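K.L.:
Predicted coordinates and the sequence they were generated for:
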Amino acid sequence: DIGELQIVCGAPNARAGLYVALAKEGTVIPNGGMVIKKTRIRGVESCGMLCSADELNLGGDSSGIIELPEAPIGESIVKTLGLDDPVIDVAVTPNRPDALGVRGIARDLAAAGMGTLKPLPDIAGVKSGGTSPISVSIATPACRQFIGCYIKGVKGGASPDWMKKRLAAIGQKSISALVDITNYITIDLGRPLHVYDAKKLKGHIKVRDAKASESFAALGDKDYTLSPGMCVIADDSGAVSLGGIIGGRDSACSPETTEIFLEVALFEPASIAKTGRALQIDSDARYRFERGIDPAFVETGAQLAVKMISDLCGGQASDFVTAGNAPEWKRTITLPRERIADLSGVNVPKETAEDILRKLGFTIEAGVSGWNVVPPSWRADVEGEADVIEEILRIYGYDNIPATPLPKLPSIGRPVWDL
């Protein structure tokens with residue numbers, strides 16, 4: 001029980017009966033780091049502060065105090081808003097772009113015995129029909145594949161509360177349902193995508209290299225001068241998006257958007273990295289594309305995006321328009337069974353090794369003396385038998401590797417560094 005406190009508040013929405021977020025004396029405000037102290041405002045003592053959503057880094061309007069659902073007085077706002085989930089801080093190495101999506105991390109945890117990996121949403125109910133009025137072509141090696149979909153009759157209002165909360169839990173600000181869907185799929189599945197307001201596009205889409213000194217008006221009210229070799233998504237008016245990095249202002253969706261064009265593309269990592277560094281643009285899309293995303297997930301990613309858009313925003317989707325093809329990614333690695341013990345010193349049971357690899361998405365064909373292993377499409381870093389063995393060991397447990405001292409060398413009577 002916090003008792004009765006006198007708080008001076010000038011927010012326009014302050015009123016009797018409102019449940020609010022109170023910062024008592026000693027509280028550090030998340031946005032700005034201000035420490036709350038007892039003070040006098042216009043000669044009246046104030047023993048704390050009623051906070052806005054913006055002051056709590058929760059986004060939203062900063063002109064008024066946050067209005068909370070009914071809850072026990074004195075309860076933590078973190079609990080009231082359902083933000084008391086455990087926070088897992090994952091440091092992802094450059095060779096594991098599959099772990100830049102929640103699903104990739106969940107797959108590893110499930111393989112280690114922590115829960116079960118849920119199947120992807122059912123896309124069987126997604127219906128499309130009709131020809132897209134917007135076609136796509138590729139004229140640059142920086143883009144390997146592009147799948148587009150025209151969707152009419154969408155309602156791009158606010159996202160549902162569950163999506164807002166999930167995005168807020170990872171520090172993402174909710175913008176609108178259409179934009180939130182692209183951010184959600186990027187974080188959840190590691191599959192960046194983009195939506196354009198189809199009414200703002202002029203003609204058809206062409207993925208090409210930028211022209212010398214071509215201008216580009218990006219989201220965030222920033223303008224850039226492009227150079228040849230930079231990959232752009234363009235219509236008849238010019239660049240409308242910087243491929244795999246950031247969208248454009250002139251084709252951005254708004255609450256009034258009713259027709260969209262969905263972009264699900266596959267870009268060359270080196271091209272994305274070079275352009276991003278040259279223009280000093282950091283984005284969630286760039287961070288994933290320059291490390292390499294799943295080359296076999298373009299069409300499925302497009303289907304999942306269309307389903308989520310249909311479920312949350314309605315609309316009628318066209319048939320997909322496609323350009324380019326996914327690169328060949330399948331490779332077979334031969335792994336003799338005895339190599340696991342030879343390289344690691346650990347005798348992993350055959351059934352355990354096979355179970356680990358299958359749970360990680362590997363395809364295994366057993367032979368007389370070992371396995372033929374095909375890594376999944378999202379694991380471009382697995383190139384040889386040592387990589388496959390590492391996958392088995394990290395799930396089996398590095399703590400199961402016996403600690404064996406190195407053999408002692410005979411003494412030569414004086415320090416080695418004197419030789």
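P.N.:
It's in. Predicted, not measured: the structure shown is a model, and the values here were computed from it.

K.L.:
Could I get the contacting residues of Met49?
P.N.:
Ile7, Cys9, Leu22, Ala23, Thr27, Ile29, Ile36 (CB atoms under 8 Å, 6 or more residues apart in numbering). C-beta here means a position set from N, CA and C on the backbone, and glycine is covered the same way.

K.L.:
Excluding its own residues, what touches the lengthiest helix in the chain? List them.
P.N.:
Looking across the chain with DSSP state H, the single longest helix is helix 298-313. Around helix 298-313, the neighbours that count as contacts under CB under 8 Å, 6+ apart are 120-121, 123, 125-126, 128, 145, 147, 149, 151, 154-157, 159-160, 163, 177-178, 181-182, 184-185, 189, 191, 193, 195, 260, 262, 264-266, 315, 317, 320, 326.

K.L.:
Of those residues, just the buried ones, PyMOL syntax please.
P.N.:
Burial among those is assessed by 16 or more other CB atoms under 10 Å; the matching PyMOL selection reads:
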select buried, resi 126+128+145+147+149+151+154+156+159+163+177+178+181+182+184+185+189+191+193+195+260+262+264+265+266+315+317+320
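
K.L.:
Which members of the contacts of helix 298-313 occur in helices, if any?
P.N.:
Met163, Ala177, Leu178, Ile181, Thr182, Tyr184, Ile185, Leu189.

K.L.:
any chance of those residues in TSV, plus distance to Leu83 and pLDDT?
P.N.:
As requested, these are exported to TSV (distance: CB to CB, whole Å; pLDDT from 0 to 100):
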residue	distance to Leu83	pLDDT
Met163	14	93
Ala177	21	94
Leu178	24	95
Ile181	21	96
Thr182	23	96
Tyr184	17	97
Ile185	22	97
Leu189	23	97
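
K.L.:
and which of those residues is nearest Asp54?
P.N.:
When the ones in helices among the contacts of helix 298-313 are compared for distance to Asp54 (CB to CB), Met163 wins out at 19.8 Å.

K.L.:
May I see the buried residues of the longest helix of the chain?
P.N.:
Neighbour-count burial for helix 298-313, counted by 16+ other CB under 10 Å, picks out 298, 301-310, 312-313.

K.L.:
what stretches of the protein score poorly on pLDDT?
P.N.:
Applying pLDDT under 70 to the chain flags the ranges 1, 59-61, 125, 412-419.

K.L.:
ok, which stretches of it are helices?
P.N.:
Going by DSSP H, the chain shows helices at 77-80, 102-111, 161-169, 177-189, 269-279, 284-289, 298-313, 338-344, 350-359, 385-396.

K.L.:
Quick one, which of these gets closest to Ile88.
P.N.:
helix 102-111 (7.8 Å).

K.L.:
Check which helices and strands the closest one is in contact with.
P.N.:
helix 177-189, helix 350-359 (3 or more CB pairs under 8 Å, 6 or more residues apart in numbering; DSSP states H and E).

K.L.:
now do 6 Å
P.N.:
Helix 102-111 sits against no helix or strand, with contacts defined as 3 or more CB pairs under 6 Å, 6 or more residues apart in numbering; DSSP states H and E.

K.L.:
Outside of it itself, list whatever touches it.
P.N.:
Asp98, Ala99, Thr116, Leu117, Asp188, Leu189, Gly190, Lys359, Leu360, Ile395 (CB atoms under 6 Å, 6 or more residues apart in numbering).

K.L.:
Pull the most distant pair out of those.
P.N.:
Asp188 and Ile395 (22.6 Å).

K.L.:
and the two? which has more neighbours close in?
P.N.:
Taking neighbours as other CB atoms under 10 Å, Asp188 and Ile395 compare with Ile395 leading, 20 against 17.

K.L.:
Can you tell me how far the nearest residue to the more buried one once chain neighbours are set aside is from Gly243?
P.N.:
Leaving aside its sequence neighbours, Ile395 sits nearest to Ile356 (CB to CB, 6 or more residues apart in numbering; 4.6 Å). Computed as CB to CB, to the nearest Å, the Ile356 to Gly243 distance reads 37 Å.

K.L.:
Pick out whichever of these two has more residues nearby.
P.N.:
Gly243 (29 against 19).

K.L.:
Run through the residues that contact that one.
P.N.:
Cys231, Ile233, Phe267.

K.L.:
Closest to Ala16 out of the residues you listed?
P.N.:
Once CB to CB is applied, the member of these that ends up nearest Ala16 is Ile233, at 52.9 Å.

K.L.:
Touching, that closest one and Ser241? I think so.
P.N.:
Yes. Look at Ile233 against Ser241 with CB atoms under 6 Å: they come within range, at 3.9 Å.

K.L.:
Just the buried ones out of the contacts of helix 102-111, please.
P.N.:
Asp98, Ala99, Asp188, Leu189, Gly190, Lys359, Leu360, Ile395.

K.L.:
For those residues, give me a markdown table that also has distance to Val373.
P.N.:
Compiled in a markdown table, the buried ones among the contacts of helix 102-111 are given as follows (distance: CB to CB, whole Å):
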| residue | distance to Val373 |
| --- | --- |
| Asp98 | 17 |
| Ala99 | 20 |
| Asp188 | 28 |
| Leu189 | 24 |
| Gly190 | 23 |
| Lys359 | 14 |
| Leu360 | 11 |
| Ile395 | 14 |
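
K.L.:
okay if I get the buried residues of helix 298-313 as a markdown table plus distance to Ile340?
P.N.:
Formatted as a markdown table, the buried residues of helix 298-313 follow (distance: CB to CB, whole Å):
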| residue | distance to Ile340 |
| --- | --- |
| Val298 | 34 |
| Gly301 | 34 |
| Ala302 | 39 |
| Gln303 | 38 |
| Leu304 | 36 |
| Ala305 | 40 |
| Val306 | 43 |
| Lys307 | 41 |
| Met308 | 41 |
| Ile309 | 46 |
| Ser310 | 47 |
| Leu312 | 47 |
| Cys313 | 50 |
